[in-house]
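**Student:** Fold the following, please.
(one chain, ligands or ions: 2)
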Amino acid sequence: MNFDQSFLNQLSEAKRIVFFTGAGISAESGIPTFRGKDGIWNKLRPEELANFDAFMRNPKMVWEWYNHRKSIIHEAKPNKGHLAIAEMQNHFDEVTVVTQNIDNLHRRAGSKNILELHGNIERNFCIKCKTFYNEELDFSDGVPECKCGGLIRPDVVWFGEYLPQDQFLGGEKAAQNCDMFFVVGTSAVVYPAAGLVYTAKQSGAFIVEVNIEETDVSTICNSSYFGESGKILPAVVEAIKNIRNKN
Ligand code: BV8
Ligand code: ZN
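**Tutor:** Ligands and ions are numbered 1, 2, ... in the order given. Okay, the predicted model is just below:
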């Protein structure tokens, strides 16, 4: 992998780095992306299913979509990209993962400092009394119900809903205080998450994109590497190891 010199210089100086990730980092684990050239949901727009009105209109259909995705996620394992990000913790003072993914793969790969902007598919809660249900749910009536009679939904952020404030503020703080900000496997079209790339840029971070194709934020990146994150990120780990060994 040929990295440009300005990128390697930044890598050798950087103390605090952020990985802002999207569905693309989990693609090599077999989890389909939403958009992009191989996005499986290209025909079924996520905006139409991942919203509260769709859930109230047809909770069974929305649950079928989430159960299908859950079964894929349960079978999936962290890939070389997730593992490389976790390994960065051995080489930098502070590594923060700010993810739009709901699949838990960063945690399973061993990353410690993770902010989940769009929730987590493993958690569920009652829309009426807000009780959390993290264990097996009873789908015998099609849609799981709470003891209080309210419908249970997945604890993910749907379109039109606010992001969990602590997670988003943590993401903003990390973006404002990092030396390098990696944008990995995201089309960067969903806001306010995508705004973090601009926050990092305005705060003076060196922005690095890793994606199989150009995105809406490519033009503001200092370095862009086009290819699979499962190949590029391990090469970044090798590069930092080489730098550290020489010093
Ligand atoms: C909000 C969680 C305030 C659940 C998701 C008009 C203009 C601008 C904004 C808006 C607008 N109308 C509405 C909005 C706001 C809206 C929004 O941004 N809409 C856009 C789409 C127009 N945002 C919201 O509603 C947000 N909330 O604004 O609150 C508010 C509140 C009340 C009233 C008013 C305002 C909440 C958004 C949260 C949506 N939740 N998911 C679930 O997953 O079921 S969305 C969904 O998109 C994903 O889950 C993910 O979290 C998010 C981003 O997608 P990506 O991760 O980037 O994935 P994508 O498929 O797009 O891209 C994959 C990339 O990987 C591609 O680039 C591909 O090339 C690359 N790739 C593929 N393979 C690889 C790879 N790269 C590297 N290696 C590979 N191997
Ligand atoms: Zn309840």
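
**Student:** all strands of the protein, in order?
**Tutor:** Taking DSSP state E as the criterion, the chain carries its strands at 16-21, 94-99, 114-116, 119-126, 132-133, 152-156, 180-184, 206-211, 223-226.

**Student:** What helices and strands are in contact with the third one?
**Tutor:** Right, strand 114-116. Applying 3 or more Cβ pairs under 8 Å, 6 or more residues apart in numbering; DSSP states H and E, one finds that strand 114-116 makes contact with strand 94-99, helix 165-177. To be clear about C-beta, it is placed using only N, CA and C from the backbone, and glycine gets the same treatment.

**Student:** tell me the average confidence for it?
**Tutor:** The average pLDDT within strand 114-116 is 98.

**Student:** CSV for the helices and strands packed on strand 114-116, including mean pLDDT, distance to residue 21 and mean neighbour count?
**Tutor:** CSV is the format used below for the helices and strands packed on strand 114-116 (pLDDT from 0 to 100; distance: least, Cβ to Cβ, whole Å; neighbours: other Cβ atoms under 10 Å):
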stretch, mean pLDDT, distance to residue 21, mean neighbour count
strand 94-99, 98, 5, 24
helix 165-177, 98, 11, 17
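
**Student:** any chance of the ones you listed in JSON lines, plus distance to residue 15?
**Tutor:** Converted to JSON lines, the helices and strands packed on strand 114-116 look like this (distance: least, Cβ to Cβ, whole Å):
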{"stretch": "strand 94-99", "distance to residue 15": "7"}
{"stretch": "helix 165-177", "distance to residue 15": "10"}
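
**Student:** Relative to residue 196, which of the ones you listed is closest?
**Tutor:** When those are compared by Cβ to Cβ, helix 165-177 sits nearest residue 196, at 4.6 Å.

**Student:** Restricting to C-alpha, output that closest one in PDB.
**Tutor:** Provided in PDB are the C-alpha atoms of helix 165-177 (Å, rounded to 0.1, in the frame of the first residue of the first chain):
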ATOM      1  CA  GLN A 165     -27.200  13.500  23.300                       C
ATOM      2  CA  ASP A 166     -24.300  12.100  25.300                       C
ATOM      3  CA  GLN A 167     -23.100  10.100  22.300                       C
ATOM      4  CA  PHE A 168     -23.300  13.000  19.800                       C
ATOM      5  CA  LEU A 169     -21.700  15.500  22.200                       C
ATOM      6  CA  GLY A 170     -18.900  12.900  22.800                       C
ATOM      7  CA  GLY A 171     -18.500  12.600  19.000                       C
ATOM      8  CA  GLU A 172     -18.300  16.400  18.600                       C
ATOM      9  CA  LYS A 173     -15.700  16.700  21.400                       C
ATOM     10  CA  ALA A 174     -13.600  14.000  19.800                       C
ATOM     11  CA  ALA A 175     -13.900  15.600  16.400                       C
ATOM     12  CA  GLN A 176     -12.800  19.000  17.800                       C
ATOM     13  CA  ASN A 177      -9.800  17.600  19.700                       C
END
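
**Student:** Now do that helix and strand 16-21, the angle between them.
**Tutor:** Calculated by axes from the mean of the first three to the mean of the last three Cα atoms, to 10 degrees, helix 165-177 forms an angle of 130 degrees with strand 16-21.

**Student:** still on that earlier bit, turn the strands of the chain into JSON lines, columns for distance to ligand 1.
**Tutor:** Below are these laid out as JSON lines (distance: least, Cβ to the nearest ligand atom, whole Å):
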{"stretch": "strand 16-21", "distance to ligand 1": "7"}
{"stretch": "strand 94-99", "distance to ligand 1": "8"}
{"stretch": "strand 114-116", "distance to ligand 1": "10"}
{"stretch": "strand 119-126", "distance to ligand 1": "6"}
{"stretch": "strand 132-133", "distance to ligand 1": "17"}
{"stretch": "strand 152-156", "distance to ligand 1": "4"}
{"stretch": "strand 180-184", "distance to ligand 1": "7"}
{"stretch": "strand 206-211", "distance to ligand 1": "4"}
{"stretch": "strand 223-226", "distance to ligand 1": "9"}
